[in-house]
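> Got a predicted structure plus its sequence, pasted below:
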Amino acid sequence: MTTRFSMAELAEMLHENIEHVRIAVDSLAAAGQLTGESFQFGHRNWRIAPSDVKNIAHWLVENREHLSQHSLAEKQSGRGQRRVVRKVISAPNKSHQKD
């Protein structure tokens, strides 16, 4: 059985931001440059084969400038921030209850 890595494991191994690794994997997959041993499951989850790790690391080095611009644009757009919405729920009106 072949060992495969998750995005989080790969990001940790490469000492890289997980979103940068996701961009690299998605780009390489779209270009058909990943082996058949790496596969996507679910919506955004990948299992990466060891044979593709070197290609991903190389892509990250080659596209460092693109990734830094992506991070800057992401920070400026406010993406990743959560908005907290508080809802006040009043107690049921007791005047409608029968004794």
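It's in.
> what's the burial count for residue 89?
5 (other C-beta atoms under 10 Å). For the C-beta atoms, the positions are set from N, CA and C on the backbone; glycine is no exception.
> helix, strand or coil for it?
coil (DSSP: H, G, I helix; E, B strand; the rest coil).
> low-confidence ranges in the protein?
By pLDDT under 70, the low-scoring segments of the chain are 1, 70-82, 94-99.
> quick one: what helix or strand has the residue nearest in space to the middle of it in it?
For the chain, residue 19 is the residue whose C-alpha lies nearest the centre (C-alpha atoms, centre = their mean; 4.9 Å). Using DSSP states H and E, residue 19 sits within helix 18-30.
> quick one: the helix or strand following that helix to chain centroid distance?
Next helix or strand after helix 18-30 toward the C-terminus (DSSP H and E): strand 39-41. Offset of strand 39-41 from its chain centre (C-alpha atoms, centre = their mean, to the nearest Å): 13 Å.
> And the contacts of strand 39-41?
Strand 39-41 is touched from outside by 29, 46-47, with contacts defined as C-beta atoms under 8 Å, 6 or more residues apart in numbering.
> Which of those sits closest to residue 92?
Nearest to residue 92 out of the contacts of strand 39-41 is residue 46 (C-beta to C-beta; 48.8 Å).
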